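Trainee: I need the structure of the sequence given here:
(chains A and B)
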Amino acid sequence: MTGYFGSYVVVAVLLGIGVAIFAGGLLINRLLRPDRPTAEKLTTYECGVDPVGDGWAQSQIRYYVFTYLYVVFAVDAVFLFPWATVFAAPGFGLTTLVEMFVFLAFIALGILYAWRKRVLAWT
Amino acid sequence: MLDVAIRLVVIIGAFLLLPLIVGQLEHKAMAHMQSRLGPMYAGGFHGWAQLIADGVKFVQKEDVIPAAADRTVFRIAPAVGLVPYLVVMIVIPVAPGWYGVDLDAGLFFVLAVMGIGVLGSIMAGWSSANKYSVLGGMRSAAQLMSYELPLVLAASSVAMAAGTLSLSGIVEAWQWWWLPWQGIGAVVFFVAGLAELRRPPFDMPIAESEIIMGPMTEYTGIRFALFMLAEYAGIVVLSALTTVLFLGGWQGPWLPGAVWTLIKIFALAFVVIWVRVSYPRMREDQLQKLAWVGLVPLALVQLALTGVVKVL
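Mentor: Coordinates of the predicted model:
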């Protein structure tokens, strides 16, 4: 369990144990619980009245704009991590600092644009 | 092999025990802040066994899955919400050498795996086929996306300061003056983390008084209990990560390192509870605005500050 892949094997083992804990909890539950389903019990909850229409109802999704914003910025942000570990290494110095400000300016400009377009305000 | 087994057993023990302690702390601290007593009966001394009693009750309850639900997704959603927090705990260092494994991409691993946890509530929201749950799931998705960005930016600021992504490497590199230097990043990280956990005041997705626990409306018994466990495990993981990244982890005078880590984790967990009692729930558009107009620009300022101080 040493070396680069060895440590990820341990992570995979823990993942397996986590799934086993979940399955074990449900198994104990299955052994201990009563099971008497009735049609009323299995109805969708809607404040006590009979449900109207389908649960997967159409509604206005105002959040799609945030998805766009997120895709743009998160892809940028991922590139920060490999850069962050080396940017202050000898031989980089001011060049990388200037690059960083260019990067930040791009992100800030994006947010400024979204803000001016009023996608962040609902009323 | 034995060494690895012991580490895993300790991690699993911590994963099952620490959320219960935080939950009990929340019961009692919240009660006293609201001039109540909280649980007093179970276990005799100040209701210490309340959550164990709850667990015994939950495990005996009938497993009701609505007829309209998407059964497969409905069943596995609690696992998707819970297991990532267990997996994240493997890289959190408690003292020098006390960790499950020291991944050299530890910080990246943590952020990636924690992102999966929120999928659990989106899956639960959609598969329940309930209008409240669908609304809650949508709000969860929007909240995850908006607050993931400041979280990632604040975390990368620490990676820049330490020059490594390994969590124990970050704690070793930490100096006391990082507190003011990384202060903005620490606040941004903690607040964004709270929002990722959907804790009050960011609990719009589960808002029990208007959309009745949102994604969890249709959940009962053991599956609901596992969602609750995931919430408290999330508090532990968020507090531990803030401790490791911004508060110097095991570093501190006089006491042993592991004690310092635990003190810092529980102090932060108390803050999480305190915030819940103190602030009203934010409206959905205020919540989105806080992320994009408040936290993201602050995180960018922190990145600039880190870069300038580090290079010059």
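Trainee: Could you say which helix or strand holds residue 109?
Mentor: Because you didn't say which chain, this covers chain A. Per DSSP states H and E: A:Leu109 is located in helix A:94-116.
Trainee: Sorry, I should have been clearer: chain B.
Mentor: helix B:106-127.
Trainee: List the contacts of the spatially closest residue to B:Gly193 that is not a sequence neighbour.
Mentor: Using Cβ to Cβ, 6 or more residues apart in numbering or on different chains and skipping the chain neighbours, the partner closest in space to B:Gly193 is B:Leu238 (4.2 Å). Where C-beta positions appear, they are placed from N, C-alpha and C, glycine not excepted. B:Leu238 makes contact with B:190, B:193-194, B:196-197, B:268, B:272 under the criterion Cβ atoms under 8 Å, 6 or more residues apart in numbering or on different chains.
Trainee: Select only the buried ones of these in PyMOL?
Mentor: Applying 16 or more other Cβ atoms under 10 Å in any protein chain shown to those, the buried members can be selected in PyMOL as follows:
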select buried, chain B and resi 190+193+194+196+197+268+272
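Trainee: Can you give me the neighbour number for B:Val275?
Mentor: By the measure other Cβ atoms under 10 Å in any protein chain shown, the count of residues near B:Val275 is 16.
Trainee: In whichever strand or helix holds it, which residues are buried?
Mentor: For B:Val275, the host element (DSSP H and E) is helix B:257-278. Neighbour-count burial for helix B:257-278 flags B:257, B:260-262, B:264-266, B:268-269, B:272-273, B:275-276 (criterion: 16+ other Cβ under 10 Å).
Trainee: Restricted to helices, list the contacts of B:Leu238.
Mentor: Mapping those onto helices (DSSP state H) picks out B:190, B:193-194, B:196, B:268, B:272.
Trainee: how about the CA coordinates for the next helix or strand after the helix holding B:Val275, as PDB?
Mentor: Counting by DSSP H and E, the element after helix B:257-278 in chain order, helix or strand, is helix B:284-289. The C-alpha coordinates for helix B:284-289 follow below in PDB (Å, rounded to 0.1, in the frame of the first residue of the first chain):
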ATOM      1  CA  GLU B 284     -33.000  32.600  -3.200                       C
ATOM      2  CA  ASP B 285     -31.900  35.600  -5.200                       C
ATOM      3  CA  GLN B 286     -30.100  37.200  -2.300                       C
ATOM      4  CA  LEU B 287     -28.300  33.900  -1.900                       C
ATOM      5  CA  GLN B 288     -27.100  33.900  -5.500                       C
ATOM      6  CA  LYS B 289     -26.200  37.500  -5.300                       C
END
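Trainee: Give me the distance between helix B:284-289 and the centre of its chain.
Mentor: In terms of Cα atoms, centre = their mean, to the nearest Å, the centre of helix B:284-289 is found 20 Å from the chain centre.
Trainee: What's the mean pLDDT across the helix or strand just after it?
Mentor: Sequence-wise, the next helix or strand downstream of helix B:284-289 (DSSP H and E) is helix B:296-311. Helix B:296-311 carries an average pLDDT of 84.
Trainee: got it, and stretch B:222-241?
Mentor: Confidence over stretch B:222-241 (mean pLDDT, whole number) is 90.
Trainee: For B:Trp98, what are phi and psi?
Mentor: Phi and psi for B:Trp98, reported as degrees, to the nearest 10, are phi -100, psi 90.
Trainee: Look up how far B:Leu167 lies from it.
Mentor: 12 Å (Cβ to Cβ, to the nearest Å).
Trainee: Is there proximity between the helix or strand hosting B:Ser157 and chain A?
Mentor: According to DSSP H and E, B:Ser157 maps onto helix B:131-162. Yes. Helix B:131-162 comes into contact with chain A (Cβ under 8 Å from any Cβ of the partner chain), by way of B:131-135, B:138-139, B:141-142, B:145-146, B:148-149, B:152-153, B:156, B:159-160.
Trainee: Mark which of those are buried, thanks.
Mentor: B:131-135, B:138-139, B:141-142, B:145-146, B:148-149, B:152-153, B:156, B:159-160.
Trainee: ok so, going back, and the helix holding B:Phe109, C-alpha only, in PDB?
Mentor: Presented in PDB, the C-alpha positions along helix B:106-127 are these (Å, rounded to 0.1, in the frame of the first residue of the first chain):
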ATOM      1  CA  GLY B 106      -5.000  16.100  -1.600                       C
ATOM      2  CA  LEU B 107      -6.600  19.500  -1.900                       C
ATOM      3  CA  PHE B 108      -7.800  18.800  -5.400                       C
ATOM      4  CA  PHE B 109      -9.100  15.400  -4.300                       C
ATOM      5  CA  VAL B 110     -11.000  16.900  -1.400                       C
ATOM      6  CA  LEU B 111     -12.800  19.500  -3.600                       C
ATOM      7  CA  ALA B 112     -13.600  17.000  -6.300                       C
ATOM      8  CA  VAL B 113     -15.100  14.400  -3.900                       C
ATOM      9  CA  MET B 114     -17.000  16.900  -1.800                       C
ATOM     10  CA  GLY B 115     -18.700  18.100  -5.000                       C
ATOM     11  CA  ILE B 116     -20.200  14.600  -5.400                       C
ATOM     12  CA  GLY B 117     -21.900  14.800  -2.100                       C
ATOM     13  CA  VAL B 118     -24.300  17.500  -3.300                       C
ATOM     14  CA  LEU B 119     -25.400  15.300  -6.200                       C
ATOM     15  CA  GLY B 120     -27.100  13.100  -3.600                       C
ATOM     16  CA  SER B 121     -29.700  15.800  -2.800                       C
ATOM     17  CA  ILE B 122     -30.200  16.600  -6.500                       C
ATOM     18  CA  MET B 123     -30.800  12.900  -7.200                       C
ATOM     19  CA  ALA B 124     -33.200  12.700  -4.200                       C
ATOM     20  CA  GLY B 125     -35.000  15.900  -5.300                       C
ATOM     21  CA  TRP B 126     -35.600  14.600  -8.800                       C
ATOM     22  CA  SER B 127     -36.400  11.000  -8.100                       C
END
